[in-house]
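Enquirer: with the sequence up front, the predicted model follows.
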Amino acid sequence: MRFKRDITYKKILSLFRNQNGSPFFNAKGLAIGVFSGCFPFFGFQTLIGVFFAKIAKGNIVLAAIGTWISNPFTYVPLYYFNYKVGSLFLNSSSNNIIEKSLVINDLWKQGRIFSLKLLLGSSCVGLLLALICGCIVFFFYKVKIKK
């Protein structure tokens, strides 16, 4: 119980602020984490982010923190937005997710289309957010080093 009281926003921010390494190393880790956090792989986003940060030689701690972009408060709006972006790229209506009269084969087809839209949208949104967050973190650590 004491552990829960010891975790505060100030400690999380200090964990973020006190990372060692070059600005590029830290920005790469956070960007990979944000990208991984945009995908609907509940429970595996942190593992995926840490794995790819290790491969890309980025900051593992910041990759884990970056996956927190998706949390119980942002799941629905983030994935709905990702789905809409995917629908936009596939030039199809996003309103007709599932029609009323479906045969089993049509249901599988609709599921594949829905998944494709969601994953394509997650990729596009993830790339954009990773680029934005990576640049912000890069400049944050660049300024921190100059001080």
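Expert: Cool, got the structure.

Enquirer: got a list of what the nearest residue in space to residue 36 that is not next to it in sequence touches?
Expert: In space, and not counting its chain neighbours, residue 36 is closest to residue 49: 3.6 Å by C-beta to C-beta, 6 or more residues apart in numbering. The way it works is simple: take the backbone N, C-alpha and C, and place the C-beta from them, glycine included. By C-beta atoms under 8 Å, 6 or more residues apart in numbering, the residues touching residue 49 are 32, 33, 35, 36, 37, 63, 64, 66, 67.

Enquirer: name the helix or strand for residue 49, please.
Expert: helix 45-55 (DSSP states H and E).

Enquirer: tell me the centre residue of the chain?
Expert: In the chain, the residue lying closest to the centroid (C-alpha atoms, centre = their mean) is residue 37, at 2.3 Å.

Enquirer: that one touches residue 74, doesn't it?
Expert: No - here residue 37 does not reach residue 74: they are 9.1 Å apart, not a contact under C-beta atoms under 8 Å.

Enquirer: quick one on the thing from earlier: of the contacts of residue 49, just the buried ones, PyMOL syntax please.
Expert: In PyMOL syntax, the buried subset of these is picked out as below (16 or more other C-beta atoms under 10 Å):
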select buried, resi 32+33+35+36+37+63+64+66+67
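
Enquirer: and which of the contacts of residue 49 is nearest to residue 83?
Expert: Checking the contacts of residue 49 against residue 83 by C-beta to C-beta gives residue 37 as the nearest, at 16.1 Å.

Enquirer: pLDDT wise, what is that closest one at?
Expert: At residue 37, the predicted lDDT confidence score is 94.

Enquirer: then residue 82?
Expert: 94.

Enquirer: quick check: which element contains it?
Expert: Applying DSSP H and E, one finds residue 82 within helix 75-89.

Enquirer: what is that helix packed up against?
Expert: helix 104-146 (3 or more C-beta pairs under 8 Å, 6 or more residues apart in numbering; DSSP states H and E).

Enquirer: quick one: distance of the helix it packs on to the chain centre.
Expert: 6 Å (C-alpha atoms, centre = their mean, to the nearest Å).

Enquirer: so where's the chain uncertain?
Expert: The chain contains residues with pLDDT under 70 at 1-7, 9, 12-13, 92-108, 147.
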